[in-house]
Each structure stands twice: as structure tokens, then as C-alpha cells.
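[1] what shape does this take:
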Amino acid sequence: MAEIVHHVLLALVKFPIAQEIIPMRYYEKCISKLQAAKKYFAGGVASSLRVSMKPTLLYAASAKGARIRDVDGNECIDYLLAHGPLILGHAHDGLTESVHQVLRIY
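    Residues are numbered from 1 along each chain as shown. All right, here's what the predicted structure looks like:
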């Protein structure tokens, strides 16, 4: 058992991204938004996939690539991915620029 723990600790040292995403502590704003959403949606969500998020449903403030920052400032990797991010990630540079070009026309 000690050998397994040793290998896990080595992995955390070698891969700093794991250390970066572990300490998510504050969810006050996310919880508040979920309580407000429960007035309009069953369980507070419009997607059964999102209801499984633990410790609470996260409300994104921004996202880039595979990373999402929630309204409480926590940053994590989006393992759930929806239909769009599954293909391109969040805020793909090429797609974002294309959307901006189209919006400038109209």
C-alpha cells in the first residue's frame, strides 16, 4: 500500500496540473445560483448530466480549451464536455474569430 501512495505522490509532483485543480473549496455563488435555478427548472438544471456534478453544480464564468473557471473562481478541467466543446474545446480561437467576423458583417 505504501508503494501505491508513493507512486501517486510522485505523479502529483511530476504533473503539476493535478495540484492546480485539486484545491477547489468555495462554492457560495454556485450554490446560490443553483437555488435560484430551482425556481424554474426541476432540480435546478435543464440537463440530467449536470445534476450529477459534485460537490455542487458549477456555473461557468469563463472557459478556454478544456478549462472552466466558475463564478466562485475555481478552475477545473471540463471532463463532461457538451456537444460543442467535445469537438473544439471552449472558445476555440479559430471559431471565435469566425463568429466575430460574421457579427461585424451584421
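
[2] check contacts around the spatially most central residue of the chain.
    In the chain, the residue lying closest to the centroid (CA atoms, centre = their mean) is residue 68, at 3.8 Å. In this structure, residue 68 makes contact with 58, 60, 62, 75-78, 90, judged by CB atoms under 8 Å, 6 or more residues apart in numbering. From N, CA and C alone the C-beta is placed, and that goes for glycine too.

[3] okay if I get the residues you listed as TSV plus secondary structure?
    Below are these laid out as TSV (DSSP: H, G, I helix; E, B strand; the rest coil):
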residue	secondary structure
58	coil
60	strand
62	strand
75	strand
76	strand
77	strand
78	coil
90	strand
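
[4] just checking: what are the partner strands of the helix or strand that contains the residue nearest to the centre of the chain?
    Assigned by DSSP states H and E, residue 68 belongs to strand 67-70. Strand 67-70 pairs in its sheet with strand 60-64 (antiparallel), strand 75-77 (antiparallel), by DSSP bridges.

[5] looking at those, which is closest to residue 101?
    Taking CB to CB as the criterion, strand 60-64 is the member of the strands paired with strand 67-70 that comes nearest to residue 101, at 19.5 Å.

[6] in PDB, list the C-alpha atoms belonging to that closest one.
    Extracted C-alpha coordinates of strand 60-64, given in PDB (Å, rounded to 0.1, in the frame of the first residue of the first chain):
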ATOM      1  CA  ALA A  60     -19.100  28.800 -15.500                       C
ATOM      2  CA  ALA A  61     -17.900  32.400 -15.700                       C
ATOM      3  CA  SER A  62     -15.400  31.700 -18.400                       C
ATOM      4  CA  ALA A  63     -13.800  28.800 -20.300                       C
ATOM      5  CA  LYS A  64     -10.900  28.200 -22.700                       C
END
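
[7] okay, buried residues for that strand please.
    Along strand 60-64, these residues count as buried under the neighbour rule (16 or more other CB atoms under 10 Å): residue 63.

[8] got it, and stretch 69-82?
    70-72, 74, 76, 78.

[9] reformat the residues you listed as a markdown table; add distance to residue 104 and pLDDT.
    Shown next, in a markdown table, are the buried residues of stretch 69-82 (distance: CB to CB, whole Å; pLDDT from 0 to 100):
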| residue | distance to residue 104 | pLDDT |
| --- | --- | --- |
| 70 | 31 | 91 |
| 71 | 29 | 94 |
| 72 | 34 | 93 |
| 74 | 34 | 89 |
| 76 | 33 | 85 |
| 78 | 29 | 82 |
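
[10] with that, I have no additional questions.
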